[in-house]
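Student: Coordinates only, no sequence provided:
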């Protein structure tokens, strides 16, 4: 939500969530993959 909806940077989101930037990147990647699978399950 912070990155995709609110337009926050990865660094800003990491600061807000008080975690490493790598954690933010992996969570965003995982969430995008899940969403991609939900929208186009046959691909």
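Tutor: Looks like it arrived, so ask away. On a predicted model such as this, the values are computed, not experimentally measured, just so you know.
Student: pLDDT weak spots in this structure?
Tutor: 43 (pLDDT under 70).
Student: Just give me the residue right at the centre of it.
Tutor: residue 28 (1.9 Å; C-alpha atoms, centre = their mean).
Student: Please give the element, helix or strand, for it.
Tutor: Using DSSP states H and E, residue 28 sits within helix 21-39.
Student: Can you list the buried residues in that helix?
Tutor: Going by neighbour count (16 or more other C-beta atoms under 10 Å), the buried part of helix 21-39 is residue 24. The C-beta positions use only the backbone N, C-alpha and C, and glycine is treated the same way.
Student: Mind giving me the packing neighbours of it?
Tutor: The contact analysis (3 or more C-beta pairs under 8 Å, 6 or more residues apart in numbering; DSSP states H and E) places helix 21-39 against helix 10-17.
Student: Now do the helix it packs on: distance to the chain's middle.
Tutor: 11 Å (C-alpha atoms, centre = their mean, to the nearest Å).
Student: List of residues touching that helix?
Tutor: Contact with helix 10-17 is made by 2, 3, 8, 20, 21, 23, 24, 25, 28, as judged by C-beta atoms under 8 Å, 6 or more residues apart in numbering.
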